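Student: just to be clear, the model below is a prediction. Sequence and coordinates:
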Amino acid sequence: MNNINLQDDNEVLRFIKTENAEEMATLFEAAAALRSEYYQNDVYFRGLIEFSNYCKNDCYYCGIRRSNANAERYRLSSEQILQCCQMGEVLGYKTFVLQSGEDPYWTDDKIVETVRAIREKFPASAITLSLGEKSRESYQKYFDAGVNRYLLRHETANDEHYQKLHPASMSLAHRKECLFNLKEIGFQVGAGFMVGSPYQTPEHLLEDLRFIEKLQPHMVGIGPFIPQADTPFKDCSQGSLEQTLRMVALTRLLLPKALIPATTALGTINPEGREKALKAGANVIMPNLSPKAVRKLYALYDNKICTGEEAAECRVCVEGRIRRAGFVPSLSRGDFIDMQTTTQTALGSAPAQVAIDGAGAPSKTMHLRCEECQDSQAERAKVPEAVCG
Ligand code: SF4
């Protein structure tokens, strides 16, 4: 299936660095074939709810870091989070991802209460948290309350590099410990890293691959570094599309059963970035379910896409993109293949019309268009009538 010797560091390094079109095509084809072996051409939806952009940390690359006085802060209430889930249910999503900065307001008790409410109202849905580093006891409480998955990108597996991206109060050792704790507790665990972050070398990326090989996470999020104007790295170059795609493909080869998102960051640096990631072995997409009013405020990096549309518009746009790229949108839970509890079902026909009103609650029927797609004539020409109305 592929002739790449994944145990040979020099060979893997060569593929991390290669600019040779033929070699890259071979890599992407091998990764796509392996993904198809376990998940066919299915692409799983995760409804993303960014519920607080407060954070006590100060990562140098992040737009919502504590010391960014220009960040306009917001928090959703439990009720608002439940409304987002309700919208997700209407749109057919079977996974809700609750993501925030490390916000002390959201105590374990508040998280557990909210998770229990979601679990009670949407018993068949998967609940994913992405709240940062917590104690093992906290993680256990979340798991016991009904959380299925936890995302915690390690960002870089090299200690020296980690220290250049984070203040001294943060440590890679602790982040790794969190990831191993999450696995031991029984979560489906997502790790991940940035590509092209300041001071990064190809050897660092090799270390990222060796780390995920050791951790064996169920999900791996890989996105290009994108500078944010209010951070110390504001003048640094962004990560490259090609290198990020190569890392997606190599990750697929190393972890054939992993769930790998085609990240929004990839769609931000290239209009076809997410489609290209699917062709390089990714199989997850994370449309935004956050209320439109706060989308732009969760600005980890500049020029983030999909901040101007209602959730339903994102759903229709993303589904069209998946289909046009030759993949099959799936609204099943999309669990890790060895931990599946429900039948995997592909999505039938696209809901060209979805009921919403201005407040984001289900209401009367309206046509849906993605403004970002509409802005591009070329993109619009590719949108089938059945999808964009
Ligand atoms: S990367 Fe995460 S932990 Fe770091 S400042 Fe941003 S939200 Fe906080």
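Tutor: Thanks, I have the structure now.
Student: alongside the ligand, which residues does this structure contribute?
Tutor: The chain comes close to the ligand at residues Cys55, Asn57, Cys59, Cys62, Ile64, Arg65, Gly101, Glu102, Gly132, as judged by C-beta under 6 Å from any ligand atom. For glycine as for every other residue, the C-beta is placed from the backbone atoms N, C-alpha and C.
Student: quick one, phi psi at the residue of the stretch 151-300 of the chain found nearest the ligand?
Tutor: Closest to the ligand within the stretch 151-300 of the chain is Leu300: 6.2 Å, counting by C-beta to the nearest ligand atom. When read as degrees, to the nearest 10, the backbone of Leu300 gives phi -60, psi -30.
Student: what sits against it?
Tutor: Cys62, Gly63, Ile64, Gln228 (C-beta atoms under 8 Å, 6 or more residues apart in numbering).
Student: what are the phi and psi values at the third one?
Tutor: Read it as Ile64. phi -110, psi 20.
Student: low-confidence ranges in this protein?
Tutor: Within the chain, the segments meeting pLDDT under 70 span 1-2, 308, 341-389.
Student: now the strands for it?
Tutor: Taking DSSP state E as the test, the strands found in the chain are 42-45, 47-52, 95-100, 126-130, 149-151, 188-195, 219-224, 284-285, 328-330, 353-355, 365-367.
Student: sorry, back to before: now, of the residues of the chain next to the ligand, which are buried?
Tutor: Among the residues of the chain next to the ligand, the ones that count as buried by 16 or more other C-beta atoms under 10 Å are Cys55, Asn57, Cys59, Cys62, Ile64, Arg65, Gly101, Gly132.
Student: ok, the contacts of Leu300 vs the ligand, which is closest?
Tutor: In terms of C-beta to the nearest ligand atom, no member of the contacts of Leu300 lies closer to the ligand than Cys62, at 3.1 Å.
Student: apart from its chain neighbours, what residue comes closest to Lys292?
Tutor: Distances taken as C-beta to C-beta, 6 or more residues apart in numbering place Glu310 nearest to Lys292, at 5.6 Å, with adjacent residues excluded.
Student: give me the neighbour count for the one you found.
Tutor: By other C-beta atoms under 10 Å, the residues close to Glu310 number 23.
Student: right, and it touches Ser290 too?
Tutor: No: using C-beta atoms under 8 Å, Glu310 makes no contact with Ser290, being 10.5 Å away.
Student: overlap in contacts, these two.
Tutor: Counting by C-beta under 8 Å, 6+ apart, nothing touches both Glu310 and Ser290.
Student: ok, back up a step: let's have the contacts of Leu300 in TSV, adding distance to Glu213.
Tutor: As requested, the contacts of Leu300 are exported to TSV (distance: C-beta to C-beta, whole Å):
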residue	distance to Glu213
Cys62	27
Gly63	31
Ile64	31
Gln228	30
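Student: widest-spaced pair of those residues?
Tutor: Distance extremes for the contacts of Leu300: the farthest pair is Ile64 and Gln228 at 8.8 Å, using C-beta to C-beta.
Student: all helices of the stretch 201-350 of the chain, in order?
Tutor: Applying DSSP state H, counting those that start in this stretch to the stretch 201-350 of the chain gives helices spanning 202-215, 241-254, 264-269, 273-279, 292-295, 311-324.
Student: could those helices go into JSON lines alongside distance to Ile118 and mean neighbour count?
Tutor: What follows is these, written out as JSON lines (distance: least, C-beta to C-beta, whole Å; neighbours: other C-beta atoms under 10 Å):
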{"stretch": "helix 202-215", "distance to Ile118": "27", "mean neighbour count": "18"}
{"stretch": "helix 241-254", "distance to Ile118": "30", "mean neighbour count": "24"}
{"stretch": "helix 264-269", "distance to Ile118": "23", "mean neighbour count": "23"}
{"stretch": "helix 273-279", "distance to Ile118": "27", "mean neighbour count": "23"}
{"stretch": "helix 292-295", "distance to Ile118": "19", "mean neighbour count": "16"}
{"stretch": "helix 311-324", "distance to Ile118": "16", "mean neighbour count": "24"}
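Student: between the ones you listed, which gets nearest to Ile127?
Tutor: helix 311-324 (17.4 Å).
Student: output the closest one as CSV, nothing but the C-alphas.
Tutor: These are the backbone C-alpha positions of helix 311-324, laid out as CSV (Å, rounded to 0.1, in the frame of the first residue of the first chain):
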residue,chain,number,x,y,z
ALA,A,311,-24.9,27.5,12.1
ALA,A,312,-27.3,26.2,9.5
GLU,A,313,-25.6,28.1,6.8
CYS,A,314,-22.2,26.6,7.8
ARG,A,315,-23.8,23.2,7.8
VAL,A,316,-25.1,23.5,4.2
CYS,A,317,-21.8,25.1,2.9
VAL,A,318,-19.6,22.5,4.5
GLU,A,319,-21.7,19.6,3.3
GLY,A,320,-21.6,20.9,-0.3
ARG,A,321,-17.8,21.2,0.0
ILE,A,322,-17.5,17.6,1.2
ARG,A,323,-19.7,16.3,-1.6
ARG,A,324,-17.9,18.3,-4.3
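Student: I'd like to know which elements that helix is packed against.
Tutor: strand 42-45, helix 78-91, helix 273-279, strand 328-330, strand 353-355, helix 371-375, helix 385-388 (3 or more C-beta pairs under 8 Å, 6 or more residues apart in numbering; DSSP states H and E).
Student: nearest to Ala33, of those?
Tutor: Distance to Ala33, taken as C-beta to C-beta, is lowest for helix 273-279 among the helices and strands packed on helix 311-324, at 11.2 Å.
Student: what's that closest one packed up against?
Tutor: The contact analysis (3+ C-beta pairs under 8 Å, 6+ apart) places helix 273-279 against helix 241-254, helix 264-269, helix 311-324.
Student: contacts for it, please.
Tutor: Defining contact as C-beta under 8 Å, 6+ apart, one finds that helix 273-279 is touched by 28, 32, 43, 241, 244-245, 248, 260-267, 270, 282, 285, 321-322, 324-325, 327.
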